[in-house]
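In: Quick check, what structure comes out for this input:
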Amino acid sequence: MTPAKQSDDEAQQAPATGIEKLAVAGVHLAAIILQVAAVALVVNAVYRYTVGGGFGVIAEVTRFALLVVVFLGLAGTHLVSGHVQVEIALASLPQRFRDMLEGYVIPVMSGLYLALLGWAGWVATVQMFQSGTTTPSRPAILMWPFAAVVPLGCGLLIVILLVQVFRRVTRRRASGVN
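Out: Predicted structure coming up:
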């Protein structure tokens, strides 16, 4: 597996839209959250091994921080082609077929999968919100804000995929390619 290379379509994209700027901001926020979680884990470990205690809230929040980091960074990672793909499956295909798969089929299928994942995350968020679900530790932490990041991240990536497919279609029409 290798990092995905930037396609010609992506290299010639229009200037960043508001939604793309939001996705990049999500990556930056995810990086900050990851750094804060890392520092909190170190502080907690030092406290636990020197004093013999530990903060349960740090352990709980840092577990959920991973969920937040993944889904906040999802769309921004896609924008910079930071995802990983298996190229061996595509390498043997004709270039035109590969371009169609990478440019249209994969984004649409990814969008459908993300819609299912996002919907499940939305349902879980609503259920947690309505029931007031909290972590079992003390202090109890509401779980729905962490679950809400799943549909947020999925929705953001779906919009970006749709924008990219729309750009490809309009570029093909403008150039007269069928």
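In: Report the separation between the residue positioned nearest the centre of the chain and Val27.
Out: For the chain, the residue sitting closest to the mean C-alpha position, by CA atoms, centre = their mean, is Leu74 at 1.7 Å. Spatial separation of Leu74 from Val27 under the definition CB to CB, to the nearest Å is 9 Å. Every residue, glycine included, has its C-beta placed from N, CA and C.
In: Next, the contact list for the residue nearest to the centre of the chain, please.
Out: With contacts defined as CB atoms under 8 Å, 6 or more residues apart in numbering, the neighbours of Leu74 are Gly26, Gly153, Cys154, Leu156, Leu157.
In: Could you rerun that using 7 Å?
Out: Going by CB atoms under 7 Å, 6 or more residues apart in numbering, Leu74 touches Gly153, Leu157.
In: do Val126 as well
Out: Residues near Val126 by CB under 7 Å, 6+ apart: none.
In: Please apply the same query to Thr135.
Out: With contacts defined as CB under 7 Å, 6+ apart, the neighbours of Thr135 are Glu60, Ile141, Met143.
In: out of everything not next to it in sequence, what's closest to Gly54?
Out: Taking CB to CB, 6 or more residues apart in numbering as the measure, Gly54 lies nearest to Arg48, with 3.9 Å between them; neighbours along the chain are not counted.
In: What of Arg98?
Out: Leu90 (5.2 Å).
In: buried sites along stretch 27-47?
Out: Residues of stretch 27-47 classed as buried by neighbour count (16 or more other CB atoms under 10 Å): Val27, Ala30, Ile33, Leu34, Ala37, Ala40, Asn44.
In: Tell me which helix or strand comes right after the longest helix along the chain.
Out: In terms of residue count, the longest helix belonging to the chain (DSSP state H) is helix 18-50. Sequence order places helix 56-79 as the next helix or strand after helix 18-50, per DSSP states H and E.
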